[in-house]
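Build me a model from this:
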Amino acid sequence: MTTDLSQYAKLRTMLDSVQTGALRQYLNAPSQEERDASFNYLKTNLKPIHDYVRGMKKGDPCPEGEVECDDGYCATHCTQ
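This is a model prediction of the structure:
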């Protein structure tokens, strides 16, 4: 199977944009209340994407080499 390089590049751009935008929105919130709201919105709305791209259902273990960090998120290391 051949990778569509145009789709790959667009996907990388989308992911970079979401990452940068989410961090900017969170860090630039004018108050702690707005920062908390931003965090809670992003946490709630990114979890279904995480589960979809990972092919995970509630209670599934993380893939080998990754650990469950918080609320079912899998990563190679946890930051807290």
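
Give me the buried positions along the helix or strand harbouring Lys47.
Lys47 belongs to helix 32-54 when assigned by DSSP states H and E. Buried residues in helix 32-54, counted by 16 or more other C-beta atoms under 10 Å: Ser38, Leu42, Asp51. C-beta: built from backbone N, CA, C; applies to glycine.

what sits against the first one?
When you say that, I think you mean Ser38. The contact partners of Ser38, taken as C-beta atoms under 8 Å, 6 or more residues apart in numbering, are Gln25, Tyr26, Ala29.

picking that back up, which single one of the buried residues of helix 32-54 is nearest to Ser6?
Set against Ser6, the nearest of the buried residues of helix 32-54 by C-beta to C-beta is Asp51 (26.7 Å).

Next one: that closest one relative to Cys78, how far apart?
Asp51 sits at a distance of 18 Å from Cys78 (criterion: C-beta to C-beta, to the nearest Å).

what's the answer for Asn28, then?
25 Å.

Could you measure from Asp36 over to Gly55?
To Gly55, Asp36 is 31 Å away according to C-beta to C-beta.

again but with Pro63, I slipped
Using C-beta to C-beta, we find Pro63 at a distance of 10 Å from Gly55.

what residue ranges in this structure score low on pLDDT?
80 (pLDDT under 70).

what's the nearest residue to the residue nearest the centre of the chain if we skip its chain neighbours?
Most central in the chain under C-alpha atoms, centre = their mean is Leu46, positioned 5.3 Å from the mean C-alpha point. The shortest distance from Leu46 to any non-neighbouring residue, by C-beta to C-beta, 6 or more residues apart in numbering, is to Ala22 (7.8 Å).

Let me know whether that neighbour touches Lys43 as I believe.
No. Contact between Ala22 and Lys43 fails when scored by C-beta atoms under 8 Å: they sit 10.2 Å apart.

shared neighbours of these two, which are they?
Common neighbours of Ala22 and Lys43 (criterion: C-beta under 8 Å, 6+ apart): none identified.

Excluding covalently adjacent residues, which one is nearest to Ser62?
Residue 62: Cys, not Ser. With sequence-adjacent residues excluded and distances taken as C-beta to C-beta, 6+ apart, Cys62 is closest to Cys74, at 3.6 Å.

Alright, I will stop here.
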